[in-house]
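A.B. asks: how does the following fold in three dimensions:
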Amino acid sequence: MNLDGETNLKLKRALECSMDLDEDDKVRLFQGVIRCEDPNPQLYSFIGNLEVSDGDINALSPQQILLRDSKLRNTDYIYGAVIFTGHDTKVMQNATQPPSKRSNIEKRMDLIIYFLFSVLFLISAIGSIAFGIITSRRTPRWWYLRPDDANAYYDPSAPAIAGLLHLITALLLYGYLIPISLYVSIEIVKVAQAMFINQDNHMYYEETDTPAHARTSNLNEELGQVDTILSDKTGTLTCNQMEFVKCSIAGIPYGKGVTEVEVAAAQRQGHDTTSHEVTNNSANKEIMETVVLGKNPIKGFNFQDDRLENGKWVNENNFVDVQLFFRILAICHTAIPEEDESGNFSYEAESPDEAAFVVAARELGFVFNKRSQSSVWVKDLDLTPRECTNKEYKILQLLEFSSARKRMSVVIKNEEGNIFLFCKGADSVIFERLGKEGRRYEEATKRHLAHYADAGLRTLAIAYRRLDESEYVAWDAEFTRAKLHVGADRDAKLDEASELIEKDLILLGATAVEDKLQNGVPECIDKLAHAGIKIWVLTGDKLETAINIGFACSLLRQDMIQLIISLDNDEVKKAEASGNKDLIQKVSLENTKQQLTVCKKVLEDEEDNDAAFALVIDGKALNYALGELEDELMGIAMKCASVICCRVSPKQKAVVTKLVKKKTGAITLGIGDGANDVGMIQEAHVGVGISGVEGMQATMASDFSIAQFRYLERLLLVHGSWCYKRIARMICYFFYKNIHFGFTLFYFEAHAAFSGQAAYNDWYMSLFNVFFTSLPVIALGVLDQDISFRMKLQFPHLYQQGIKNLHFGWSQILGWMANGVASSLVVFFFTISILKRQAFRNGGQVAGLEVLGATLYSCVIWTVNCQLVLVTKYFTWIQHACIWGSILLWYLFLIIYGYIPPTISTTAYRVFIEACAPSPSYWLTILLASGAALLPSFAYISFQSTFFPIDDQIIQEFSHLQKDKDQPWLEKVMQNKTFRVTIGITARLRHLGRSKKPRRAQPNPYAAPAHKSNVNLSP
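C.D. replies: Down below sits the predicted model:
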């Protein structure tokens, strides 16, 4: 396991000068000096050399370097020297500090609290000034207050001091405007929401017994506002499994199965995927079940064709080409065989597609069974004696794969003494190196490659060349000199030497492997696209691999204009060959800037409003674009439907995530499964870890963990949307009820000449947020649903309400606040007007402070709880119990508290039993005051939902009335409200339906399908 997120074996080799150091005594006597580059975060490069005691200098490459946190296999022990430790290691160089995360709603809630504090000080100041004026002008006439012997609180000779003391009283009295209990209630609600996420069986992965897990409850509502997803590829979008599906040999296609992409497209078009024909492929049901549904138990091999299986390839007219084709697959690789007790072979390879090639060769009769430092052994059918023989092939030189070369070659000598060059690589680089005699199958192979690309398969071309002894010897000397060269231009020199022999190739055919996507990934991406969520893929894979997986999961499609920015071009290579770091940096920066400028012009010059763009950028170019060119990069990326960043380091993933947060200002979600994704997960607003085969590093650093990428659909569109709307409505309601309650205190104090007298008993005020209004709002935050989860998944565009923050914008917040002020005004003046001069008891007595306080408080309790009834979308018995139970609890408290001696209960002593309950005026006041206060809100909700309904209100009404027969009409209405998506299966099918020809088709070394619409921006 290595730091780039791949679980496949990375081949590590000792230098030739140290191969015989296999004992302690030999190592103890070994002397040498290591000279290398300074510590840096680059995982894929290492520059250094080892000078041994005899003066011989050996170049060190990444193949000789073991990175911290990697695991070593297929050897019992090693001897080595430590180069970097601690913070100098590459894993620590890529580490980022874990940030403290708070949701945007919580941050906005803080601003509202600050605003309410301002209101508190404002009304307190108004009251204090008014009290000072009243104390100065009116108090001398109020003889019953003994103004001639007044204390400082109402001394008419010192109104300023009286006003200042009143300010302190007012701040304490109006403090109920500040909803301190809101934070406690939110924490309770969020913990309950997290429990619902943890217990959702729809996000439980039975195969690994892994449920979804909310590792924090602080960010639940952020799940409902995600604008951009930044995703890893390997192990996140894919299962990290490749399967050999098809191949083209000597111009003849083999392999009758269909791919997941084709099946998904057929299902969306309404075709029966079990029929005999699926999307231009003739496949019977048995093959469909075996190839697509995965009944074949052989890992890495999903190939079905009777013409090649069971040794029947010898009956083909092109059997010689077939034999050579699979021999190349069995030889041209760096895999290591492992034999089990039963004699069967499995393979560890640097990449899963390389392992799939070796497995395919094995299953078709070409068994790679042994590797030494200089040879490989392959057991296959010898055509002459028609028997299986185990043959040795000496590895003379290995030309390794790199993202710059886009190919791998091996020079071998067979037992007959013939020397061959076997080569596999991207079709674009193979085709341009074909000789005149090697293009016989080129046109047919290109057609097959185009068809494989449409099926979302990863393709490689296979070619070979026979070498003369003298030609090989001359070239080997040149290649050896390049290998021994020490310097920054070593790779460039190796590439130059490789070019000398990788020419005049003979094309044999092409392979097509399926990068096995996790179940449901294309469908999930399609749903997320319909929800308006942008998806970026940040992967450590090479560029062409990233593009292929983009097609497989429908992030890319054929009519997209691909904007490819890469520094793998001649101009940059020339600068790298010079070894001058300053020149390399200057040329790379200018080259990146030039490509970004061209890219911007392509976007501006596009006349088709429906054109879709995809940006693909490699790690080198990204490294320079993330500096002073970040504005240009983000300006282009935000206009593209898909963005794929390939060959990026873990640190670059975190930097890109931070840039997206900074430039868009929108909510981002980072999702990955390996240690290399930790920085991205921690930097994003919301981090999601995949509990896969990469270990637990990503999961431990995440905010939420799921077992499969497809569960992200439910996590966001269902739980995220619910949590966002619940929290938003809960907070708005909380501010409403506190403002409603607090302003009745202000109105009464104004009515009482700002004397500081509270309208309510002290216990009334203390228990308002604790008992009488707490449970209903918690039930709202935990249980409320605008629509069912089925409807949310059926109409994903409803998620846009969260992205646009339609339920917690300033208009909604201020509207709720205004409703609180207005309803409190109505309740207060209705109550005062009814009770002020009317007889309240049978004896003709008018209402006193204790009756007024109890009546006014009762009106407030009824109003705020019934307001909750108006805004609740989904009722259960729990909500009914909380709402009506809270009102009942108020009366029970009033009765019980009223029986406590008046020294404790004060104004509440028997007030309900003796005064309020027997009086019709009390009940009439509650009815009129509460009804009048709720009437504007009820009228607004009725008018808005009738004449200007939002989508979820329409769906809710249909669901409530159970208008099943009108379901097609509802789907049509919702379809008219959706927006045009440019990624996903839907967009791909729309393109196939139009059969639109590419408007640009320029040669591109990274795009496997030759007919793809591309703009390659590399000079």
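
A.B. asks: what's the burial count for A932?
C.D. replies: Counted with other C-beta atoms under 10 Å, residues neighbouring A932 total 16. The way it works is simple: take the backbone N, C-alpha and C, and place the C-beta from them, glycine included.

A.B. asks: got the contact list for the closest residue to it other than its chain neighbours?
C.D. replies: Spatial nearest neighbour of A932, chain neighbours left out: V826 (5.1 Å); criterion: C-beta to C-beta, 6 or more residues apart in numbering. The contact partners of V826, by C-beta atoms under 8 Å, 6 or more residues apart in numbering, come to A929, A932, A933.

A.B. asks: and of those, the nearest to R108?
C.D. replies: Distance ranking of those against R108, using C-beta to C-beta, places A933 first at 26.8 Å.

A.B. asks: quick one: contacts for the closest one?
C.D. replies: A822, S823, S824, V826, V827, F830, C859, T863.

A.B. asks: surely S705 is in contact with S691?
C.D. replies: Yes - using C-beta atoms under 8 Å, S705 makes contact with S691 at a distance of 5.4 Å.

A.B. asks: residues shared between the contacts of these two?
C.D. replies: T699.

A.B. asks: mind giving me the packing neighbours of the helix or strand where G127 lies?
C.D. replies: Taking DSSP states H and E as the criterion, G127 maps to helix 104-137. In terms of contacts (3 or more C-beta pairs under 8 Å, 6 or more residues apart in numbering; DSSP states H and E), helix 104-137 is packed against helix 159-173, helix 721-751.

A.B. asks: now for the first one, which elements pack on it?
C.D. replies: What it means is helix 159-173. Judged by 3+ C-beta pairs under 8 Å, 6+ apart, helix 159-173 is in contact with helix 104-137, helix 721-751.

A.B. asks: lowest-confidence stretch among the ones you listed?
C.D. replies: Mean pLDDT is lowest for helix 104-137 out of the helices and strands packed on helix 159-173, coming in at a mean of 90.

A.B. asks: what distance separates it from the centre of its chain?
C.D. replies: How far helix 104-137 lies from its chain's middle: 42 Å, per C-alpha atoms, centre = their mean, to the nearest Å.

A.B. asks: what angle separates that helix from helix 721-751?
C.D. replies: Going by axes from the mean of the first three to the mean of the last three C-alpha atoms, to 10 degrees, helix 104-137 is angled at 0 degrees with respect to helix 721-751.

A.B. asks: quick check: D232 vs K620, distance?
C.D. replies: D232 sits at a distance of 19 Å from K620 (criterion: C-beta to C-beta, to the nearest Å).

A.B. asks: same check on E683?
C.D. replies: Distance, E683 to K620, by C-beta to C-beta: 21 Å.

A.B. asks: more crowded one of the two?
C.D. replies: Per other C-beta under 10 Å, whichever of E683 and K620 has more neighbours is E683, with 25 against 20.

A.B. asks: what sits against that one?
C.D. replies: Contact analysis of E683 by C-beta under 8 Å, 6+ apart lists T96, P99, A654, T657, K658, K661, G670.

A.B. asks: hmm, back to that, what helix or strand is the residue nearest to A932 on?
C.D. replies: helix 810-835.

A.B. asks: poorly predicted segments of the stretch 201-350 of the chain, please.
C.D. replies: Within the stretch 201-350 of the chain, the segments meeting pLDDT under 70 span 240, 260-297.

A.B. asks: apply 80 and report the result again.
C.D. replies: Applying pLDDT under 80 to the stretch 201-350 of the chain flags the ranges 234-235, 238-241, 257-297, 350.

A.B. asks: quick check on R465: phi, psi?
C.D. replies: Dihedral pair for R465: phi -160, psi 140, per degrees, to the nearest 10.

A.B. asks: can you give the distance of stretch 480-495 from its chain's centre?
C.D. replies: Using C-alpha atoms, centre = their mean, the mean C-alpha position of stretch 480-495 is found 40 Å from that of the whole chain.

A.B. asks: next, count neighbours for L793.
C.D. replies: 15.

A.B. asks: per-residue pLDDT, it?
C.D. replies: What the model reports as pLDDT for L793 is 89.

A.B. asks: circling back: now distance to T511 and mean neighbour count too, for the helices and strands packed on helix 104-137, in JSON lines please.
C.D. replies: Output for the helices and strands packed on helix 104-137, formatted as JSON lines (distance: least, C-beta to C-beta, whole Å; neighbours: other C-beta atoms under 10 Å):
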{"stretch": "helix 159-173", "distance to T511": "77", "mean neighbour count": "19"}
{"stretch": "helix 721-751", "distance to T511": "43", "mean neighbour count": "24"}
